[in-house]
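Visitor: no sequence on this one, just coordinates:
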């Protein structure tokens, strides 16, 4: 039996996210791997936004992932644009997700050499990290702000 289109979206959104993450944490990547990492992040987002169960949180996470992949691949302007989208979708979410949207913008601002924006978004992300109730999530966010 063929999987339904929705089942395929569910599978591919997670699969592309995980493959992106595998490349993100890889110590050294080739230019081709950087391009593939960004493509996979974009594909993950595309599948997520088409899912029937998509939420603003999913959208924020998806844009954060694309932003992060673009930032580490040196595509800072794209990282900034996706960071803005992550922030927009996280505005009403918990400090953890809102903090990660600011982390994305700080990382992009660093690459764009926008010092004021870098400092502003790092400050905001750190303040939000201190509000995260779950200790594991708080440590994760704080760790991702140390670069």
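Guide: Perfect, thanks for sending it. What you see is a predicted model; the values in this text were computed from it and never measured.
Visitor: what sits against residue 95?
Guide: When contacts are counted by CB atoms under 8 Å, 6 or more residues apart in numbering, residue 95 touches 128, 129, 131, 132. The way it works is simple: take the backbone N, C-alpha and C, and place the C-beta from them, glycine included.
Visitor: Can you give me the pLDDT of the spatially most central residue of the chain?
Guide: Central residue of the chain (CA atoms, centre = their mean): residue 64, 2.0 Å from the mean position. With respect to pLDDT, residue 64 scores 98.
Visitor: in what helix or strand does it lie?
Guide: Per DSSP states H and E, residue 64 falls inside helix 56-72.
Visitor: neighbours around residue 144, how many?
Guide: 17 (other CB atoms under 10 Å).
Visitor: looking at it, it is touching residue 104, isn't it?
Guide: No: in this structure residue 144 lies outside contact range of residue 104 using CB atoms under 8 Å: 9.7 Å.
Visitor: for the strand or helix carrying residue 46, which positions count as buried?
Guide: Using DSSP H and E, residue 46 falls within helix 31-50. Within helix 31-50, the residues that count as buried by 16 or more other CB atoms under 10 Å are 34, 36, 37, 38, 40, 41, 42, 43, 44, 45, 47, 48.
Visitor: which other residues reach it?
Guide: So helix 31-50 is contacted by 9-10, 12-14, 16-17, 19-20, 23-24, 26, 29, 54, 58-59, 61-63, 65-66, 68-70, 72-75, 78 (CB under 8 Å, 6+ apart).
Visitor: taking the mean pLDDT, what do you get for it?
Guide: Taken as a whole, helix 31-50 carries a mean pLDDT of 97.
Visitor: From the chain's centroid, how far away is that helix?
Guide: Centroid separation between helix 31-50 and its chain, computed with CA atoms, centre = their mean, to the nearest Å, is 11 Å.
Visitor: One more: stretch 95-108?
Guide: Once both centres are worked out by CA atoms, centre = their mean, stretch 95-108 turns out to sit 8 Å from its chain's centre.
Visitor: and if you look at stretch 91-108?
Guide: Centroid separation between stretch 91-108 and its chain, computed with CA atoms, centre = their mean, is 9 Å.
Visitor: where are the low-confidence patches of the chain?
Guide: Residues of the chain meeting the criterion pLDDT under 70: 1-3.
Visitor: ok, now with 90
Guide: Within the chain, the stretches with pLDDT under 90 are 1-3, 147.
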